[in-house]
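**Q** quick one: sequence and predicted model below, then my questions.
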Amino acid sequence: MSNATGPGSGLPPTRWPLASVVCIVTLAWLTLSWPWLSGIVTIPWDAKAHFQPQLQFLAQAWHSGHSAFWTPYVFAGSPQIADPQSLIFSPPFALIAALEPAPGFRLGDFARLGTLLAGALAFIVLFRDRDWHPAGAVVAALAFAFGAAAAWRIQHVGQVLSLGYFAITLCLVSRALERGSIAYGFAAGLVAGFMVLGRDQVALLGVYVLAGLVIAAIAMARQPLQALRASLLPLLAGGLGAILVATVPILLTALLAEESNRPVIDLIGAGKGSLHPAALLTGLFANLYGAAGPLENFWGAPSPAFEARFGPQDLYLARNMSQLYLGLIPMGLVLTIGIVRGALLQREIVALSLAALIVLIFALGRFTPGFQLLFELPGVSFYRRPADALFILGALLALLGGYLTHLVMTDTAPRARPWQRAVEIAIFVGALGLALWLAWTVGRLSVAVVPLVTALLCGVLCIGALVAARGFALRGARLAAAIVLAVTLTVDLSVNNGPSESTALPSQDYDVLRADSGNETIALLKRETARTAGPDRRDRIELAGIGFHWPNASLVHQLDNTLGYNPLRLGLYSKATGAGDHVALPDQRTFAALMPSYRSLLADMLGLRFIATGVPVEQIDKTLKPGDLLPIARTADAYVYENPRALPRVLLVTKAETADFDAILATGQWPQGFDPRQSVLLDRAVAPLPLGPIATGRPASGLTAPGTSPQGTVRIADYGTTEVTLKVDAPQGGYVVLNDVWHHWWQVEIDGTPVEILRANVLFRAVAVPPGRSTVRFVFQPFRGLFQDIGTRLRAGRNPTSRVAP
């Protein structure tokens, strides 16, 4: 971020034509993105299995007039408003959801790729502000958008968005400091706020890097005190912008995290997500370890092939998480002119160089002694994978590579001394020799030879392109130089970082996630749940072990699912049901003490009526006996069963008793004789049942002497995402039990009057109703719940002996 002008100096740089360079980069972006934008392939894995259903749910909710703050379609109910992966606070996806009721795959892919384009264009502006050569801007922009983790992990939507916001924030905050601009400072804060809303490790590292660069820019100014004074108002404006955007969503997530399943990660656990040092070779040799091809070809750490030769690595990384390639031009220049000749230590770029080094140390995790110190930074222990730092590292290396390209194009790069030239040659020869030795040692030379030969050919192409571009640049043809390098880098990145099994699969593989899918399993479940629906019934389904992209299909097709795919879930629900992050494979369907089987009281209380499994259900639940579940269909995807004991969604009972819910959860034992159709268990004693209608003055109807009348009836009048309205006729009064997941941000009212919501039967909600007819309305009110939680904590802070409870 440092520049000759310095913060607050107001010295205008010279300009080159911005629009022309933007067009060059946009055309290259379109070329590299076309496989996805055309629909030939789609961004797979998490982008479809997790985020596409989230986008579809968001769009369906908004276009049907419902709120997207809670969803009943996964994990028997989940607070979307507090989930950082729900896309509610993601401007690109929220805009798509607002405009399109059924977003297709290409729109979702466009949002991801478009965010990277926006970040790339921000880098162009950054270069232009410094009057660095447009060829360098092109190299930085394309290496950022299609290099390293941005290319190989584009399916990880949250991190990709955070990366795009990082680049935009860097540009805006740079302008804010250099111009002393409050407006740019506020804009930088707004974008940084959206980055922070990603609540992922990329966003966290982005915040630390930005903060470090700001400090460096001020400290390295010609007059630091003057620069500090000039920067105060822009920085304060930035802080205000970030607070306005991020405060409430972050508080919601923080409170959810307290009662979620997510543990704090310790140093040893985080170390298992470290980048293996051998992965650094991918900076020069893309796909060296076979990450792009069939899984059995992958031989890098921590694959079985690698561990068979070098021993257990105790690493938990997917094959695409260790890829650093961002083009031979930027990486080659970083290793030679940047490191060997010392250009990365020049005053105007040294802060970025130091940031890149620290981020690299972080990414290497337990393989460097520095990670233990960095792990103590606030927030780091929330995340389990230091290798996520490759997103930020790729961005920083792209900037450094672009800057070094600028030096080459302007003939200001340090000249190589003979020993430096020898070291540069040794680096590339040594890297090639090490790659060959590793491949030969592991027995995968046949896999490595193609990427190694490809790298050699690309190296020849890139050297020729640099020579040609430099010739154009020295003759004053700056745009011609930029075009030469843009074409070269486009070819390089399309060959080495193009579509692969990790980043691109046929769209038809994910047909079940289309809103208009004709998938027979989904169609069957829709028919069956419609058939069994009743005034008091809204049966749930379960999708288990069918495939990676299946668990969240219920979000697309509005099926109430007991499971789903999300690393963040309500801890109470996970403990009660055994629900895990994912249930793509049969062995991922685990049970719990309170729900040891599909043949259990809790399964019945959940209203789990239809179960679709990828294998015969007895292979998942080995305790089942003949007749426990009734097979009803065998589709191309699944075995479908019915649980005839599933209870209605709403019940009206007249008896209540207190119980120790923690003991029930731990032991799995319900109180002797407990029947949820006759009584309700509560976690605390409550006042006697109301004696009459609430606040309406309406007489109770149909009352007879106690003990001689039926319990009454309850029916679902309206069931929305964040509101459930019930019509109750309770001659004697009683308790309405709604078998939806308990969360204290839900409120309840009877005939318009707020009343106490009760936690019932360990996992569900209930309310005491008076004799007669009444309307019960459950409403999800997260903001009211947030303020109540904050108030409770503030009161607890003033009175340390008080008990804080949700």
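**A** In hand now; what should we look at?
**Q** contacts and neighbour counts: CA atoms only from here.
**A** Fine.
**Q** the most centrally placed residue in the chain: what's its closest spatial neighbour, skipping adjacent residues?
**A** Residue closest to the mean C-alpha point of the chain, counted by C-alpha atoms, centre = their mean, is residue 158 at 3.9 Å. Using C-alpha to C-alpha, 6 or more residues apart in numbering and skipping residues adjacent in sequence, the residue nearest residue 158 is residue 198, 5.8 Å away.
**Q** got a list of what that neighbour touches?
**A** Going by C-alpha atoms under 8 Å, 6 or more residues apart in numbering, residue 198 touches 84-85, 158-159, 161-162.
**Q** what residues of stretch 266-279 count as buried?
**A** 267, 269-276, 279 (16 or more other C-alpha atoms under 10 Å).
**Q** which of the residues you listed lies closest to residue 20?
**A** residue 279 (36.7 Å; C-alpha to C-alpha).
**Q** the helix or strand containing residue 422 - contacts with which helices or strands?
**A** Using DSSP states H and E, residue 422 maps to helix 418-442. Secondary-structure packing of helix 418-442 (3 or more C-alpha pairs under 8 Å, 6 or more residues apart in numbering; DSSP states H and E): helix 304-310, helix 445-474.
**Q** can you rerun that using 10 Å?
**A** Counting contacts by 3 or more C-alpha pairs under 10 Å, 6 or more residues apart in numbering; DSSP states H and E, helix 418-442 packs against helix 304-310, helix 328-333, helix 445-474.
**Q** burial of residue 87, as a residue count?
**A** 24 (other C-alpha atoms under 10 Å).
**Q** quick one: secondary structure of the residue nearest to residue 158?
**A** With DSSP: H, G, I helix; E, B strand; the rest coil as the basis, residue 198 sits in coil.
**Q** with residue 651 instead?
**A** Quick answer, by three-state DSSP: residue 651 is strand.
**Q** quick check: bridge partners of it?
**A** residue 737 (DSSP bridges).
**Q** so it makes contact with residue 675?
**A** No - using C-alpha atoms under 10 Å, residue 651 makes no contact with residue 675, being 11.4 Å away.
**Q** quick one: secondary structure of residue 759?
**A** strand.
**Q** burial count for it?
**A** 22.
**Q** next one: residue 712
**A** 20.
**Q** from residue 458, how far out is the nearest residue to it once chain neighbours are set aside?
**A** Nearest residue to residue 712 in three dimensions, chain neighbours excluded: residue 730, at 4.6 Å (C-alpha to C-alpha, 6+ apart). Distance of residue 730 to residue 458, given as C-alpha to C-alpha, to the nearest Å: 78 Å.
**Q** neighbour count winner among those two?
**A** Between residue 730 and residue 458, residue 730 has the larger neighbour count (other C-alpha under 10 Å), namely 28 against 22.
**Q** for that one, grab phi and psi.
**A** The phi/psi pair for residue 730 (degrees, to the nearest 10) reads phi -120, psi 90.
**Q** beta partners of it?
**A** For residue 730, the beta-bridge partners under DSSP bridges are residue 772.
**Q** per-residue pLDDT, it?
**A** pLDDT for residue 730: 96.
**Q** isn't there a strand covering residue 631?
**A** Yes - assessed with three-state DSSP, residue 631 lies in a strand.
**Q** quick check, it in contact with residue 638.
**A** No - checked against C-alpha under 10 Å, the pair residue 631 and residue 638 is beyond contact range at 11.1 Å.
**Q** next helix or strand past the longest helix along the chain?
**A** Ranked by residue count, the top helix of the chain under DSSP state H comes out as helix 224-258. From helix 224-258 onward toward the C-terminus, using DSSP H and E, the following helix or strand is helix 267-271.
**Q** tell me the average confidence for stretch 259-268?
**A** Rounded mean pLDDT across stretch 259-268 is 77.
**Q** with stretch 421-436 instead?
**A** Mean predicted confidence for stretch 421-436 is 98.
**Q** low-confidence regions, the stretch 551-700 of the chain specifically.
**A** Applying pLDDT under 70 to the stretch 551-700 of the chain flags residues 690-700.
**Q** any chance you could map the strands in it?
**A** 608-613, 630-634, 639-642, 650-653, 655-658, 679-682 (DSSP state E, counting those that start in this stretch).
**Q** for those, which one sits closest to residue 225?
**A** Among the strands of the stretch 551-700 of the chain, the nearest to residue 225 by C-alpha to C-alpha is strand 679-682 (63.0 Å).
**Q** show me what the closest one is packed up against.
**A** So strand 679-682, by 3+ C-alpha pairs under 10 Å, 6+ apart, packs with strand 650-653, strand 655-658, strand 734-738, strand 758-760, strand 764-769.
**Q** okay, now the residue lying closest to residue 732 once chain neighbours are set aside: neighbour count?
**A** Leaving aside its sequence neighbours, residue 732 sits nearest to residue 771 (C-alpha to C-alpha, 6+ apart; 4.8 Å). Residues near residue 771, counting by other C-alpha under 10 Å, number 25.
**Q** tell me the confidence at residue 771?
**A** Confidence score, pLDDT, at residue 771: 95.
**Q** could you do residue 804 as well?
**A** On the pLDDT scale, residue 804 gets 42.
**Q** what's the answer for residue 504, then?
**A** 97.
**Q** got the contact list for it?
**A** Going by C-alpha atoms under 10 Å, 6 or more residues apart in numbering, residue 504 touches 35-36, 40-45, 152, 154-155, 292, 498.
**Q** now pLDDT too, for those, in JSON lines please.
**A** As requested, the contacts of residue 504 are exported to JSON lines (pLDDT from 0 to 100):
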{"residue": "35", "pLDDT": "97"}
{"residue": "36", "pLDDT": "98"}
{"residue": "40", "pLDDT": "94"}
{"residue": "41", "pLDDT": "97"}
{"residue": "42", "pLDDT": "98"}
{"residue": "43", "pLDDT": "98"}
{"residue": "44", "pLDDT": "97"}
{"residue": "45", "pLDDT": "96"}
{"residue": "152", "pLDDT": "97"}
{"residue": "154", "pLDDT": "97"}
{"residue": "155", "pLDDT": "95"}
{"residue": "292", "pLDDT": "94"}
{"residue": "498", "pLDDT": "96"}
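**Q** residue 727 belongs to a helix, doesn't it?
**A** No - according to three-state DSSP, residue 727 belongs to no helix; its state is strand.
**Q** quick one, phi/psi of the nearest residue to it once chain neighbours are set aside?
**A** The shortest distance from residue 727 to any non-neighbouring residue, by C-alpha to C-alpha, 6+ apart, is to residue 775 (4.9 Å). Main-chain torsions, residue 775, degrees, to the nearest 10: phi -110, psi 120.
**Q** count of neighbours near residue 775?
**A** 17.
**Q** helices of the stretch 451-600 of the chain, start to end?
**A** Along the stretch 451-600 of the chain, the segments classed as helices by DSSP state H, counting those that start in this stretch run 478-496, 520-532, 553-557, 571-577.
**Q** low-confidence ranges in the stretch 251-400 of the chain?
**A** Looking at the stretch 251-400 of the chain by pLDDT under 70, you get 262-264.
**Q** residue 109: what's it in contact with?
**A** 33, 36-37, 39, 41-44, 47-48, 52, 115, 154-155, 157.
**Q** what does residue 434 give?
**A** Residue 434 touches 278, 281, 428, 440, counting by C-alpha under 10 Å, 6+ apart.
**Q** residue 299 versus the first one, what's the distance?
**A** Taken as C-alpha to C-alpha, the spacing of residue 278 relative to residue 299 amounts to 11 Å.
**Q** overlap in contacts, those two.
**A** The contact lists of residue 278 and residue 299 share 289, 438, where a contact means C-alpha under 10 Å, 6+ apart.
**Q** residue 666: neighbour count?
**A** 13.
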